[in-house]
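Participant: dropping a prediction and its sequence here:
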Amino acid sequence: VILCCTADSHLGDAHSSDGLVHWNGRNNVRAVWEWIKENIPHPDRVVLNGCSAGALGLFYWSNSFLQYFKNVGVQSEHITVVFDSMTGLFDQFEPSREWNHCSRDDYGWTTQQYQDCLREDFSIVDVNLFTQARFRDVPFVFIMYKNDIFVRSYACPNFSCSQAELYDMNKALLRLYTESAGERSNVLSYLINGCLHCVFEHGSSIPPFTAVKSGRGEPTVAQYMETLSTREKDTELTQSCVPLFRFLRGGVIDYGCDPILSQARFRMG
């Protein structure tokens, strides 16, 4: 677990112009990353998971993380990436230039991508699409509450958009991710009725997907994480439109019966 303690979504390496703030998130991640490589050099399975600022940071770091794990022999069917309560939709979530967040070496980017980032021409959406395209054999899972109060406050200052509008904006971006690779899509998404932020922190039983092979039905959070970390090559991860499924805290899973999102699935092999 890497805590976000310098208000920079794990991306900063700079001081504020007045010298009062030190954004150090990228160095913190780098230190933990070096420890992992030294102490857990050859893991059997990997689940990369971040919520909120952690998910934003994971957008940027996941490319180099995934490349490393593949290089040391972790099989694709044993790797999963989960973004909790962050789709990358909103301009307000773009990293601040003050953070000095662009890095070719840390994120495994090309020189062109690094230069585009410096020019603010390589957005969060661009970063996501790039990494998803590089690792089509790894599932990228997006999960969040439909009316996430934190996301809505950033996306719609003074709550100028309705819950339905926020929901539609998120679905539109998730469809972009899902459709970008056509039949090779590796993106799954789960939107839950409710207004909390960070599903894994607040929800005690959610139905993120059904593992067809196991036939266990809708799993709890613990079962969800277990399935992510133990899935095998012939396990198919699916989602379907189930707008009235209730989980323990009163939320309702709802894919909006969107024909693109509800039919998305991922299967190794």
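Facilitator: Sure, I can see it.
Participant: the longest helix in this protein is where?
Facilitator: helix 53-71 (DSSP state H).
Participant: report the buried residues of it.
Facilitator: Within helix 53-71, the residues that qualify as buried are 53-66, 68-70, counting by 16 or more other Cβ atoms under 10 Å. Backbone N, C-alpha and C define where each C-beta goes, glycine included.
Participant: and stretch 95-112, by the same measure?
Facilitator: Within stretch 95-112, the residues scored as buried using 16+ other Cβ under 10 Å are 95, 99-103, 106-109.
Participant: now that stretch: average pLDDT?
Facilitator: Regarding stretch 95-112, the rounded mean pLDDT is 95.
Participant: endpoints of it, how far apart?
Facilitator: Counting by Cα to Cα, to the nearest Å, you get 18 Å between the two ends of stretch 95-112.
Participant: just stretch 172-192 next, same as before
Facilitator: When the termini of stretch 172-192 are compared using Cα to Cα, they are 16 Å apart.
Participant: hmm, back to that, among the buried residues of stretch 95-112, which are in helices?
Facilitator: Among those, the members found in helices (DSSP H) are 106-107.
Participant: please enumerate the strands of the stretch 1-150 of the chain.
Facilitator: With DSSP state E, counting those that start in this stretch, the ranges of strands along the stretch 1-150 of the chain come out as 14-15, 22-23, 46-51, 79-84, 140-145.
Participant: I'd like those as a markdown table, with mean neighbour count and distance to residue 133 appended.
Facilitator: Listed next are the strands of the stretch 1-150 of the chain as a markdown table, based on neighbours: other Cβ atoms under 10 Å; distance: least, Cβ to Cβ, whole Å:
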| stretch | mean neighbour count | distance to residue 133 |
| --- | --- | --- |
| strand 14-15 | 16 | 30 |
| strand 22-23 | 18 | 29 |
| strand 46-51 | 19 | 17 |
| strand 79-84 | 24 | 13 |
| strand 140-145 | 25 | 11 |
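Participant: what mean pLDDT does the longest helix of the chain get?
Facilitator: If you average the per-residue pLDDT over helix 53-71, you get 96.
Participant: my read: residue 63 touches residue 110, true?
Facilitator: No: using Cβ atoms under 8 Å, residue 63 and residue 110 do not qualify as a contacting pair, with a distance of 10.7 Å.
Participant: residues contacting the nearest residue to residue 137 once chain neighbours are set aside?
Facilitator: If you skip the residues right next to it in sequence, residue 137 has residue 76 as its closest partner in space, 4.0 Å away by Cβ to Cβ, 6 or more residues apart in numbering. Residue 76 makes contact with 70, 135, 137-138, 268, according to Cβ atoms under 8 Å, 6 or more residues apart in numbering.
Participant: before we move on, the earlier item: what's the longest helix of the chain packed up against?
Facilitator: With contacts taken as 3 or more Cβ pairs under 8 Å, 6 or more residues apart in numbering; DSSP states H and E, helix 53-71 sits against helix 25-39, strand 46-51, strand 79-84, helix 104-107, helix 124-134.
Participant: can you put those in CSV and add distance to residue 156?
Facilitator: Supplementary listing: the helices and strands packed on helix 53-71 in CSV, determined by distance: least, Cβ to Cβ, whole Å:
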stretch, distance to residue 156
helix 25-39, 26
strand 46-51, 21
strand 79-84, 21
helix 104-107, 30
helix 124-134, 18
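Participant: ok, and the closest non-adjacent residue to the residue nearest the centre of the chain?
Facilitator: The central residue of the chain, meaning the one whose C-alpha is nearest the mean C-alpha position (Cα atoms, centre = their mean), is residue 83 at 2.1 Å. The spatially closest residue to residue 83, leaving aside those adjacent along the chain, is residue 55, at 4.2 Å (Cβ to Cβ, 6+ apart).
Participant: related to what we said a few turns ago, go through the buried residues of stretch 95-112 and name the one nearest residue 31.
Facilitator: Among these, residue 106 lies closest to residue 31 (Cβ to Cβ), at 12.0 Å.
Participant: how many other residues sit next to residue 125?
Facilitator: 17 (other Cβ atoms under 10 Å).
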